Every structure is written in C-alpha cells, then in structure tokens.
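Visitor: Return atomic coordinates for the entry below.
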Amino acid sequence: MARKIHVLIADDHAIVRQGLKQILSETEDLVVAGEAEDGVEALRLARHQRWDVFLLDVSMPNRNGIDTLKQLKKEFPRLPVLILSMHPEEHYAVRAIKSGAAGYLTKQSAPELLVTAIRQVAGGKRFISPTLAEHLAAAISDDGEKLPHERITDREYQVLSRISSGKTITQIADELSLSVKTVSEYRKRLLEKMRLETTAELIRYGVEHGLA
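Guide: Residues are numbered from 1 along each chain as shown. The predicted structure follows:
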C-alpha cells in the first residue's frame with residue numbers, strides 16, 4: 001500500500017475546508033490530517049506535527065498566507081506549501097513562488113488539478129501552470145520594464161489591493177491585523193513609490209490593473 005500523504009488545510013472559511021476535505025477523501029493516498037483557520041494556528045500545528053503538504057490560503061485573519069508561508073519556509077524549509085487562493089495568478093502567484101511556495105492554484109481550479117498538484121509537490125517537485133510560468137518569466141525581466149505595483153513589497157501590495165477594492169484604512173487594518181497608523185503609513189509609501197497624489201488615484205490604478 002502506498003504511503004499516505006498527510007495534508008494540512010489552512011483556510012478561514014469552514015465551508016471551504018469541508019469542501020477540500022471532501023475532494024481529498026475520494027483519493028486513496030491523500031488524507032487531511034489537520035485544519036487551521038488562520039496563519040497563527042497553522043504555524044502552531046506545523047511545530048507540533050510532521051506534515052507532507054501544507055495547503056494554504058492567501059487571505060486569512062491574524063496572519064495572512066504570504067506572511068505565514070515565509071515563516072513556514074524559515075522554520076521548515078523542506079515543507080512543501082501549496083497556495084490555494086481566490087485571487088487570480090497575476091495577483092499573488094509570483095510573490096508566493098518567490099517566497100518559497102511549491103505551487104499556486106486558484107479556487108476555481110478543477111478538483112483533479114488540485115489532487116495532481118498536491119501529489120506533485122509532495123514528491124518534491126513544483127506545480128507551475130503554463131500561465132504562471134509566463135508570469136514568472138516576466139517577473140525576472142529588468143526592473144525598468146516592470147509596472148509600479150510589481151516593484152512594491154508584499155505588504156504594500158496587500159494594502160494596495162484592498163485600497164483598490166474600496167476598503168477603508170480601518171477595514172484594511174482589521175483584515176491585516178495592523179494599526180490604522182501603520183496602514184496609513186503604507187498608503188503614504190505607496191503614493192510616493194508609485195508617484196501618485198491621492199487615494200482616488202491609487203484606486204483607479206488598482207482597478208485598471210486588475211488588483212481590486
């Protein structure tokens with residue numbers, strides 16, 4: 001009998017976790033051995049049990065997926081982490097791969113693709129879709145060819161995407177577990193780096209580039 005691949009699902013939506021468990025329960029070699037509803041809990045479980053694959057959402061409370069990914073790779077560099085997100089590949093995939101993710105899938109992906117991806121990263125390989133490969137190729141081009149939002153930090157990008165969606169500073173602070181003052185500083189930094197004048201211009205930029 002083939003060895004079971006023990007998977008941890010980290011997602012703040014119980015219905016999503018239940019759906020993923022249902023998909024994986026239909027396979028013989030994949031077993032969901034744990035669940036976490038935020039990044040803090042995911043890290044705690046990582047430190048108390050051995051895992052074959054982490055299935056990690058990007059948008060979670062307390063500690064988001066990208067920050068959790070970076071900490072996981074720092075403490076457990078050999079642990080395969082597969083990002084599963086509602087955000088299109090062009091939003092977070094390149095940043096996730098650069099931060100150490102073994103692969104990136106959107107939640108619109110077919111169940112069969114998810115199973116294939118988990119098996120692939122559990123075997124020590126990366127799961128890179130053709131479109132993600134194109135984004136990665138573009139990401140290694142000269143900085144002079146990059147758009148302004150491709151040069152900002154991961155945290156700045158998280159703030160920008162939420163501003164682009166029309167969320168207030170207070171809402172963003174709550175979602176990212178930051179102070180209002182800190183988010184305001186990020187907004188100021190974004191305006192300077194992107195050479196824009198107002199929040200309205202940030203929103204317009206984000207909408208035009210599909211960041212909302």
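Visitor: Name the residue closest to the centre of this structure, please.
Guide: Central residue of the chain (Cα atoms, centre = their mean): Val58, 3.2 Å from the mean position.
Visitor: residue contacts, that residue?
Guide: Going by Cβ atoms under 8 Å, 6 or more residues apart in numbering, Val58 touches 64-66, 83, 85-87, 92, 96. No exception for glycine: its C-beta is placed from N, CA and C like everyone else's.
Visitor: Select only the buried ones of those residues in ChimeraX?
Guide: Buried members of these, defined by 16 or more other Cβ atoms under 10 Å, are picked up in ChimeraX with:
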select :64,65,66,83,85,87,92,96
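Visitor: Validate this expectation: the residue nearest to the centre of the chain resides in a strand.
Guide: No. Secondary structure of Val58 (DSSP: H, G, I helix; E, B strand; the rest coil): coil, not part of a strand.
Visitor: Within the helices and strands, which one has Gly206?
Guide: Assigned by DSSP states H and E, Gly206 falls within helix 199-208.
Visitor: Let me see the mean pLDDT of that helix.
Guide: Helix 199-208 carries an average pLDDT of 88.
Visitor: For it, enumerate the helices and strands it packs against.
Guide: On a contact count with 3 or more Cβ pairs under 8 Å, 6 or more residues apart in numbering; DSSP states H and E, helix 199-208 meets helix 154-164, helix 180-193.
Visitor: Just the CA trace of that helix, in PDB.
Guide: Output in PDB follows, covering the C-alpha atoms of helix 199-208 (Å, rounded to 0.1, in the frame of the first residue of the first chain):
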ATOM      1  CA  THR A 199      -6.100  57.600  -2.700                       C
ATOM      2  CA  ALA A 200      -8.500  58.000  -5.600                       C
ATOM      3  CA  GLU A 201      -5.600  57.700  -8.000                       C
ATOM      4  CA  LEU A 202      -4.400  54.500  -6.100                       C
ATOM      5  CA  ILE A 203      -7.900  53.100  -6.500                       C
ATOM      6  CA  ARG A 204      -8.000  54.000 -10.200                       C
ATOM      7  CA  TYR A 205      -4.600  52.400 -10.800                       C
ATOM      8  CA  GLY A 206      -5.600  49.200  -9.000                       C
ATOM      9  CA  VAL A 207      -8.900  48.900 -10.900                       C
ATOM     10  CA  GLU A 208      -7.100  49.500 -14.300                       C
END
